[in-house]
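1. Structure of the sequence below:
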Amino acid sequence: MYFIFLLALVLPLVQGAALALREPGELARRQSYSDARFTWYDTGLGACGQTNQASDYIVALDSALFGSGYPGPECFKSITVSANGKQTTATIMDECPGCPEGGLDMSEGLFSFFADPGVGVLTGEWWYN
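-> Model prediction:
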């Protein structure tokens, strides 16, 4: 019984310390982004250092979330994207300096999964896997 009481006192302190050790903004990056603006771009050599094709399911993340350094801290992370009643996964492979916070620039293949590229802009939701 004493052990349970002690655990109840110590556990919140340990959990708080774990949160304090995270990088600033890490918790914000892990949330979902609704009403996000989705556009598409011509792929090639991306900010993560790899060359991609239009058919790859990749995204360019806005600069605020992409972070600094090479490759960026969000490179190669998997996300789930939802729009127009469809959902799929994609990989962060590039940076989009012109995207609004939470917005994604998609490869043409990924954008085509959701709508005809002629639409130009979609609104949807995405989150980290």
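
2. ok, residues contacting the lengthiest strand in the chain?
-> Using DSSP state E, we find that the single longest strand of the chain is strand 86-96. If you take Cβ atoms under 8 Å, 6 or more residues apart in numbering as the criterion, strand 86-96 is touched by 41, 43, 46-48, 50, 52, 56-63, 66, 72, 74-81, 103-106, 110, 113-114, 129. In this view, the C-beta of every residue, glycine as well, is placed from N, C-alpha and C.

3. Derive a PyMOL selection command for the buried subset of these.
-> In PyMOL, this line selects whichever of these come out buried by 16 or more other Cβ atoms under 10 Å:
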select buried, resi 41+43+46+47+48+52+56+57+58+59+60+61+62+63+66+72+74+75+77+79+81+103+104+105+106+110+113+114
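
4. so what's residue 98 scoring on pLDDT?
-> Predicted confidence (pLDDT) for residue 98: 95.

5. now do residue 69
-> For residue 69, the pLDDT comes out at 88.

6. quick one: it and residue 95, what's the gap?
-> Per Cβ to Cβ, to the nearest Å, residue 69 is found 11 Å from residue 95.

7. Show me what the following helix or strand past the longest strand of the chain is packed against.
-> Sequence order places strand 104-107 as the next helix or strand after strand 86-96, per DSSP states H and E. Using 3 or more Cβ pairs under 8 Å, 6 or more residues apart in numbering; DSSP states H and E, the elements in contact with strand 104-107 are strand 33-41, strand 58-62, strand 86-96.

8. Check which strands are paired with the second one and give the direction for each one.
-> Taking DSSP bridges as the criterion, strand 58-62 pairs within the sheet with strand 86-96 (parallel), strand 104-107 (antiparallel).

9. cool, and the first one?
-> As defined by DSSP bridges, the strand partners of strand 33-41 come to strand 104-107 (parallel), strand 122-128 (antiparallel).

10. The helices and strands packed on strand 104-107: which one's closest to residue 121?
-> strand 33-41 (5.6 Å; Cβ to Cβ).

11. So which bits of the closest one are buried?
-> By neighbour count with 16+ other Cβ under 10 Å, strand 33-41 contains the buried residues 33, 36-41.

12. chain center to that strand, what's the gap?
-> The chain centroid and the centroid of strand 33-41 are separated by 11 Å under Cα atoms, centre = their mean, to the nearest Å.
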